[in-house]
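Take a look and give me a structure for this.
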Amino acid sequence: MIRILLVEDDPSQRSALEEYLSSLSDDMQVLPAASGAEARKALQEQEFSLIVSDLYLPDDTGLDLLKEVRKTTDVAFLILTGQPTIETAVEAIKAGASDFLTKPVDLTLLKKKVESLLETVNLKEENRRLRARLADTFSTSSIIGNAPALKQVLERVSQVAPTDVTVLLEGESGTGKEKMANLIHENSRRSDRSFVKVNCGALTKSILESELFGVVRGAFTGADRDRAGLFEAAQGGTIFLDEIGEMDLESQVRLLRVIEEREVMRVGSTRAVPIDVRIIAATNRDLLDQVDTGEFREDLYYRLAVIRLELPPLRDRKEDIPLLFNYFVTDFNERYLKSVTRLSPELLQFFQNYDWPGNIRQFRNVLEGMVVMATEDTLELKDLPDNISRTPRRKDVGDEIRPGIAMEEYEKAIIRKNLAHFGGNREQTAKALGISERTLYRKIKEYSL
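Model prediction:
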């Protein structure tokens, strides 16, 4: 039921507006109030989706009522006035009015404004429900961990998932980009439609284009029938483009057109097919570096990176290793009829100090092999497979430095990488780099970042 509070002191106008608003929908309930006092009493007794109030009331003003309402709720608020001025309109909007309408009221315009405001209310409520559902999903999902670095990503996912915005997931191989993409889809408005996965690095150019965009009969040798592509298969749902940095430049041009035009053209066809698909892309490469070298289109990068989420490597989540151990071992015990229950303190310390270049995927594979070969309920250092070094060493920052490169280039790269990591937040970037915001700002201007 949609409840509208109508605050109007003129009896004839109040009656006419009440009748008209009530006629807009069978689910519309309009409660009339003749004064500010009556409106406040009604607001104490029940909740409303929309307040429509005259600017001048016998005991108050609509602006005073609006300011009071805004202290406790963001309910949609439409101001009506018979004496419109620019100053009044500006004051109303500054006070938090959702919209402004002059008297005598144009009923057609009123209908449009009410429908628009109620649609916004519905979207806000749907987003609220989805965020609440997302929070529940996290507590039982396959995204395991409590590390601050992971929690920060999940917090951003809770904001992103209910929208249709394009997302670029960045991170090393094995950090769980596909799982994160699936989590975003499951908690979106598209969760009841397809989630289509494409590994862009596993397909040649010709196969990738026909797989993504479809093909018509006779387009090339072997094309013996019309076939829809994966974008069409994902209609209404989500397509996940993994390893997007592996895509060739020609395919990038076609993908850019799909994103901009919201339509695909099958290989060999001249007819465009409209699509409604959310795009999530992922890469373990630095796409900005590829942009600099000409390997990746800059315009496509910014189309994909509307929201960037960088997944932390396992070495930055070492406090999550016991949780991951319990999660994986429970599955392995059941699958291989084993009874492994714990790690020795020495092995746990080793795991938490190890660099894990393959991240969670590598950790899972190592554990699986150890459980299969286990003869006791406790895993020990001696149970480590031969391909895992017994003397783990974290990468030193100096390992990445190449002789002959100017210091300014490294400084520029470090600043750009940190700005990207913190979503352009200069305060967080300056803090992470150990410099003042003023110094950071000067460096940004100096390097044209």
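
Could I get the pLDDT score of the closest residue to G245 other than its chain neighbours?
The shortest distance from G245 to any non-neighbouring residue, by Cβ to Cβ, 6 or more residues apart in numbering, is to R285 (3.8 Å). Placement of C-beta: from N, CA and C, glycine included. R285 carries a pLDDT score of 89 in this model.

Assumed R285 was part of a strand.
No. Using DSSP: H, G, I helix; E, B strand; the rest coil, the assignment for R285 is coil, not a strand.

next SSE after the helix or strand of the chain with the lowest mean pLDDT?
Within the chain, confidence by mean pLDDT, DSSP states H and E is lowest for helix 107-140 among all helices and strands, at a mean of 70. Counting by DSSP states H and E, the next helix or strand C-terminal to helix 107-140 is helix 148-160.

any weak-confidence spans in the stretch 1-150 of the chain?
84, 123-124, 126-142 (pLDDT under 70).

hmm, try it at 80
1, 83-90, 93, 120-142 (pLDDT under 80).

Tell me which stretches of it form helices.
For the stretch 1-150 of the chain, applying DSSP state H, counting those that start in this stretch gives helices covering 11-23, 36-45, 62-69, 86-95, 107-140, 148-160.

Report the buried residues of the shortest one.
Neighbour counts using 16 or more other Cβ atoms under 10 Å place 62-63, 65-66, 69 of helix 62-69 among the buried residues.

what is the orientation angle of it with helix 86-95?
Here helix 62-69 runs at an angle of 10 degrees relative to helix 86-95 (axes from the mean of the first three to the mean of the last three Cα atoms, to 10 degrees).

For beta bridges, what are the partners of I51?
Beta-bridge pairing for I51 (DSSP bridges): L5, F77.

Contact partners for it?
Counting by Cβ atoms under 8 Å, 6 or more residues apart in numbering, I51 makes contact with 4-5, 7, 39, 65, 69, 75-78.

and those residues as CSV, adding distance to D192?
CSV is the format used below for the contacts of I51 (distance: Cβ to Cβ, whole Å):
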residue, distance to D192
I4, 31
L5, 35
V7, 40
A39, 40
L65, 41
V69, 36
V75, 30
A76, 28
F77, 34
L78, 34
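
does D386 count as helix, strand or coil?
Secondary structure for D386, judged by three-state DSSP, is coil.

That one: neighbouring residues, count only.
Using other Cβ atoms under 10 Å, D386 has 6 other residues around it.

need the contact list for the residue most central in space within the chain.
By Cα atoms, centre = their mean, the mean C-alpha position of the chain lies nearest to V160, the distance being 2.4 Å. V160 makes contacts with 167, 184, 307, 309, as judged by Cβ under 8 Å, 6+ apart.

which among those end up buried?
By 16+ other Cβ under 10 Å, the contacts of V160 give 167, 184, 307, 309 as buried.

Just confirm the second one contacts V167, I think it does.
Yep, that's I184 we're talking about. Yes. At 6.4 Å, I184 and V167 qualify as touching, with contact defined as Cβ atoms under 8 Å.

Any chance you could list residues touching both of the two?
Taking Cβ under 8 Å, 6+ apart as the criterion, I184 and V167 both touch 160, 280.

on that earlier part again, could I get the buried residues of helix 62-69 as JSON lines with distance to G237?
Shown next, in JSON lines, are the buried residues of helix 62-69 (distance: Cβ to Cβ, whole Å):
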{"residue": "G62", "distance to G237": "45"}
{"residue": "L63", "distance to G237": "46"}
{"residue": "L65", "distance to G237": "44"}
{"residue": "L66", "distance to G237": "41"}
{"residue": "V69", "distance to G237": "39"}
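
ok, those residues vs Q152, which is closest?
V69 (34.1 Å; Cβ to Cβ).

Break this structure into its domains for me.
2-125, 148-310, 314-383, 397-446 (automatic domain parsing).

Measure how buried the residue nearest to G245 is and give me the count.
By other Cβ under 10 Å, neighbour count at R285 equals 15.

Could you report the neighbour count for the residue lying closest to V371 once chain neighbours are set aside?
Among residues not flanking V371 along the chain, F332 sits closest, at 4.1 Å (Cβ to Cβ, 6+ apart). Residues near F332, counting by other Cβ under 10 Å, number 19.
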